[in-house]
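[1] Based on what follows, work out the 3D shape:
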Amino acid sequence: MEKRGRKKGCTKSGGRKAGTPNKISADARIFIKNMLMENEELLMRDFALLEPKDRLLIMERLLNYIIPKRTENSLNANLMDFSQLSEESLDLIISKINES
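    Below is the predicted model:
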């Protein structure tokens, strides 16, 4: 069976240059950003209708796009299990987050 691709020792030719952004990814980001901005009021209304624990889960997932990931050692030391909290505790946490 014949091997595909470049022969060993041959340099790469063609394709994007190193560091050139992927146009499809950029277009997708712009599309998603516009869709979110155009539906901001609807999203906020839907978000308010969620159960407190579901709001926290969504906020946690969204934070991953804003705050850099922590190393495993520091993450394990500060991990909080929201599933063990009461509804009142979750409501208090959400109200404190909304105040800031």
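
[2] in which helix or strand would I find the residue most central in space within the chain?
    Residue closest to the average C-alpha location in the chain (CA atoms, centre = their mean): Tyr65, at 3.9 Å. Here Tyr65 is covered by no helix or strand, with elements defined by DSSP states H and E.

[3] now it: how far from Gly5?
    35 Å (CB to CB, to the nearest Å). C-betas here are computed from N, CA, C, even on glycine.

[4] What of Leu56?
    Going from Leu56 to Gly5 by CB to CB gives 47 Å.

[5] what about those two, which has more around it?
    Leu56 (17 against 6; other CB atoms under 10 Å).

[6] what sits against the more buried one?
    Going by CB atoms under 8 Å, 6 or more residues apart in numbering, Leu56 touches 82, 90, 93-94.

[7] List every C-alpha atom in the one helix or strand it maps to, with coordinates, as CSV.
    Assigned by DSSP H and E, Leu56 belongs to helix 52-63. The C-alpha coordinates for helix 52-63 follow below in CSV (Å, rounded to 0.1, in the frame of the first residue of the first chain):
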residue,chain,number,x,y,z
PRO,A,52,-30.7,28.6,40.5
LYS,A,53,-28.5,25.5,40.1
ASP,A,54,-29.0,25.6,36.3
ARG,A,55,-28.1,29.3,36.3
LEU,A,56,-24.9,28.6,38.2
LEU,A,57,-24.0,25.7,35.8
ILE,A,58,-24.4,28.0,32.8
MET,A,59,-22.4,30.8,34.5
GLU,A,60,-19.6,28.4,35.3
ARG,A,61,-19.5,27.2,31.7
LEU,A,62,-19.4,30.7,30.4
LEU,A,63,-16.7,31.7,32.8
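
[8] average pLDDT across it?
    Regarding helix 52-63, the rounded mean pLDDT is 92.

[9] Tell me the buried residues in it?
    Neighbour counts over helix 52-63 (16 or more other CB atoms under 10 Å) mark 52, 55-56 as buried.

[10] where in the chain is pLDDT low?
    1-3, 12, 70-79 (pLDDT under 70).

[11] May I ask you to name the longest helix in it?
    helix 23-38 (DSSP state H).

[12] next SSE after that helix?
    helix 40-49.
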